[in-house]
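1. here is my input; please provide its structure:
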Amino acid sequence: MLKPVTPKPTTHTPYRGRLAPTPTGFLHLGHAATFRTAAERATTAKGTLLMRIEDLDPLRCKSEFSTAALEDLRWLGLRWDEGPDVGGAFAPYTQSQRRDLFLKLWERLRDGGFIYPCKHSRRDVELAANAPHGDEPLFPKEWRPPPDAGRTSPTPRGENWRFRVPDGEIVSFLDGRLGQQTFVAGVDFGDFIVWRRDDVPAYELAVVADDYAMRISEVVRGEDLLKSTARQLLLYRALGWEPPAWWHTPLLRDASGRRLAKRDGAMSIRELRRRALSPEEVWALTQ
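-> Have a look, this model is predicted:
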């Protein structure tokens with residue numbers, strides 16, 4: 001029987017944090033604010049900060065955005081202390097080079113019966129008559145296959161693979177900034193994708209794999225990912241791993257109240273640099 005997902009506050013020593021941009025566009029002020037918090041927490045703890053480029057999506061992730069992210073963060077004065085040595089500077093780790101690790105974990109989850117192959121797309125779920133249309137439509141439970149589905153599959157290629165959530169189970173965790181957070185599996189979120197039909201590991205699996213492998217002690221990221229933390233705690237438990245601590249930062253919003261997104265080019269670090277703002281002036285805009 002699996003133990004409940006209510007991890008105790010973690011006290012990892014030494015402190016290890018990370019900056020983990022996804023190169024699908026130029027970084028904006030919200031990214032800068034979150035990354036600054038991550039850097040400050042690592043510095044305060046006299047810990048280590050590393051850079052990881054989360055470039056798994058071959059269609060949306062572009063090398064130009066990776067290069068721009070590194071340039072913009074260095075221009076803002078942010079530094080990291082670990083990574084491949086390239087000309088005396090620390091290069092980032094890159095997720096696209098770590099496929100073997102993700103595939104091994106897919107096999108573990110498959111063998112443990114935690115995941116199953118699924119032909120339904122995200123669009124299918126959105127269109128399902130019984131799928132609630134809130135911030136996240138739930139995967140219909142009647143679409144689940146039998147518990148042993150996919151156990152003999154030699155590869156994840158060609159189908160979405162979903163994690164079977166324990167319906168009705170409360171998933172709780174302590175956020176360092178926001179306090180106790182609670183979600184209900186099967187109510188607040190449904191069966192989620194860990195491997196895509198185009199043979200790409202999904203975010204939830206890849207980030208858990210890398211944070212554990214890189215011994216990250218605290219994950220600092222935006223509060224829009226609180227629900228992702230609940231999903232990821234289920235993966236940590238399924239893999240038998242201790243999770244990190246969590247610190248979710250507030251979201252920056254534009255004048256209309258919308259949270260900043262990469263499509264909002266006017267607030268990108270790149271655009272603000274083009275307007276000849278100084279790093280100090282850019283930081284002031286994040287306050």
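2. show residues contacting stretch 30-49.
-> Contact with stretch 30-49 is made by 14-19, 21, 72-73, 76, 78-82, 217-218, 220-222, 247, 249, 251-252, 259-260, 269, 282-283, 286, as judged by Cβ atoms under 8 Å, 6 or more residues apart in numbering. (Each C-beta comes from the backbone N, C-alpha and C, glycine too.)
3. any buried residues in the helix or strand that contains Ala32, and which?
-> In this structure, Ala32 is located in helix 29-44 according to DSSP states H and E. Burial within helix 29-44, assessed by neighbour count using 16 or more other Cβ atoms under 10 Å, is assigned to 29-39, 41-42.
4. and the helix or strand just after that helix, C-alpha only, in PDB?
-> Following helix 29-44 in sequence order, the next helix or strand is strand 48-53 (DSSP H and E). Output in PDB follows, covering the C-alpha atoms of strand 48-53 (Å, rounded to 0.1, in the frame of the first residue of the first chain):
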ATOM      1  CA  THR A  48      24.800  25.900  -5.100                       C
ATOM      2  CA  LEU A  49      22.800  27.200  -8.000                       C
ATOM      3  CA  LEU A  50      22.800  25.400 -11.400                       C
ATOM      4  CA  MET A  51      21.300  26.300 -14.800                       C
ATOM      5  CA  ARG A  52      19.200  23.800 -16.700                       C
ATOM      6  CA  ILE A  53      17.600  24.400 -20.200                       C
END
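5. show me where this protein has helices.
-> Secondary structure of the chain by DSSP state H: the helices cover 29-44, 63-75, 99-111, 122-127, 203-213, 226-239, 269-274, 279-285.
6. what about the closest residue to Ala128 other than its chain neighbours, how many residues nearby?
-> Leaving aside its sequence neighbours, Ala128 sits nearest to Pro140 (Cβ to Cβ, 6 or more residues apart in numbering; 5.1 Å). By the measure other Cβ atoms under 10 Å, the count of residues near Pro140 is 16.
7. same thing with the one 5 residues further on?
-> Close neighbours of Pro145, defined as other Cβ under 10 Å, add up to 13.
8. that one touches Tyr116, doesn't it?
-> Yes - when contacts are counted by Cβ atoms under 8 Å, Pro145 is listed as touching Tyr116 (5.3 Å).
9. picking that back up, now could you export just the CA positions of the helix holding Ala32 as PDB?
-> Taking C-alpha atoms only, helix 29-44 is exported to PDB below (Å, rounded to 0.1, in the frame of the first residue of the first chain):
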ATOM      1  CA  LEU A  29      10.000  40.200 -16.200                       C
ATOM      2  CA  GLY A  30       8.200  37.400 -14.400                       C
ATOM      3  CA  HIS A  31      11.000  34.900 -15.200                       C
ATOM      4  CA  ALA A  32      13.500  37.400 -14.000                       C
ATOM      5  CA  ALA A  33      11.700  37.900 -10.700                       C
ATOM      6  CA  THR A  34      11.500  34.200 -10.100                       C
ATOM      7  CA  PHE A  35      15.100  33.500 -11.100                       C
ATOM      8  CA  ARG A  36      16.300  36.300  -8.800                       C
ATOM      9  CA  THR A  37      14.400  34.700  -5.900                       C
ATOM     10  CA  ALA A  38      16.000  31.400  -6.700                       C
ATOM     11  CA  ALA A  39      19.500  33.000  -6.800                       C
ATOM     12  CA  GLU A  40      18.900  34.900  -3.600                       C
ATOM     13  CA  ARG A  41      17.700  31.800  -1.700                       C
ATOM     14  CA  ALA A  42      20.700  29.800  -2.900                       C
ATOM     15  CA  THR A  43      23.100  32.700  -1.800                       C
ATOM     16  CA  THR A  44      21.400  33.100   1.600                       C
END
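10. between that helix and strand 48-53, how big is the angle?
-> 150 degrees (axes from the mean of the first three to the mean of the last three Cα atoms, to 10 degrees).
11. so how far is helix 29-44 off the chain centroid?
-> Relative to the chain's own centre, helix 29-44 is displaced by 16 Å; criterion: Cα atoms, centre = their mean, to the nearest Å.
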